[in-house]
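In: Need a 3D model of the sequence below.
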Amino acid sequence: MPRYMIERTLPKGAIDGLDDAALKSLQSTNATFGVKWIQSYMSGDKTKTYCIYEGPNEKAVRDANAKTQVPFERIVEIPEDLKPR
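Out: Here you go, the predicted structure:
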């Protein structure tokens, strides 16, 4: 399944109210588009996130994101991993 990185800039405090119920709701909405949230990385000030998703194509990832109404700057496909040896 193709992977995508979504870069987001969020207002201060936007992450603070995120609980398990909200995260499950996001996953459920994503699933209706065939999209799965894999992992996110957050900046120290909690205003930037870099989220890894799997999905059938970029359009599905964009459509899922539009439905969840979480703002983003860009979506980049991740065709392969680079790992240290």
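In: ok, and what's touching stretch 64-74?
Out: 6-10, 26, 29-30, 32-33, 35, 53, 55, 75 (CB atoms under 8 Å, 6 or more residues apart in numbering). (Each C-beta comes from the backbone N, C-alpha and C, glycine too.)
In: and with 6 Å instead?
Out: Stretch 64-74 has contacts (CB atoms under 6 Å, 6 or more residues apart in numbering) with 6-8, 26, 29-30, 33, 35.
In: and the residues you listed, which of them are in strands?
Out: Counting by DSSP state E, these place 6-8 in strands.
In: Highest neighbour count among those?
Out: Highest neighbour count within the ones in strands among the contacts of stretch 64-74: I6, with 21 neighbours (other CB atoms under 10 Å).
In: tell me the contacts of M42?
Out: Contacts of M42 (CB under 6 Å, 6+ apart): T49.
In: For it, give the beta-bridge partners.
Out: T49 (DSSP bridges).
In: Make 54 the first number, not 1, from now on.
Out: Happy to do that; since the first residue is 54 now, the last one works out to M95.
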